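Pasting a predicted model and its sequence here:
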Amino acid sequence: DFEKVIRFSVPGYSMPLSAGTGQEAGQEYPENYTLVKEPPRGTSYIAPVSGDSMEPTYHNEDIVFVHSCEEIPVGRIGVFLYAAPESYQ
């Protein structure tokens, strides 16, 4: 029996998201990852978690699906990307 496999291409970052005090973003552009299961609707990119301050919700090395948006609804968890102005680099 041959089973049809559908693959999904999703942008992703290999640099982990800091679950805690934060860290400077070191990877400017995402890589493409291939998934065999459809990602949640609205997924903008995927990234691993680094740290344990978000346990028991998120654990170190978990992979999260992130939806980029302008506002975060009350009660939701946010991922923030801060890039220092070029004059500071």
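Right, received. Where do you want to start? Residues are numbered from 1 along each chain as shown.

Point out where the protein drops to low pLDDT.
Filtered on pLDDT under 70, the chain yields the residue ranges 1-3, 20-28, 81-89.

What segments of this structure are strands?
With DSSP state E as the criterion, the chain has strands at 8-12, 17-18, 31-35, 45-50, 63-66.

Out of those strands, which one sits most buried?
Among the strands of the chain, ranked by average contacts under mean count of other CB atoms under 10 Å, first place goes to strand 17-18 (a mean of 20). (C-beta placed from N, C-alpha, C; glycine too.)

Relative to that strand, what are the paired strands and their orientations?
With DSSP bridges as the test, strand 17-18 is paired with strand 45-50 (parallel).

got the strands of the chain as JSON lines, with distance to Phe80 columns?
Output for these, formatted as JSON lines (distance: least, CB to CB, whole Å):
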{"stretch": "strand 8-12", "distance to Phe80": "18"}
{"stretch": "strand 17-18", "distance to Phe80": "9"}
{"stretch": "strand 31-35", "distance to Phe80": "21"}
{"stretch": "strand 45-50", "distance to Phe80": "12"}
{"stretch": "strand 63-66", "distance to Phe80": "11"}
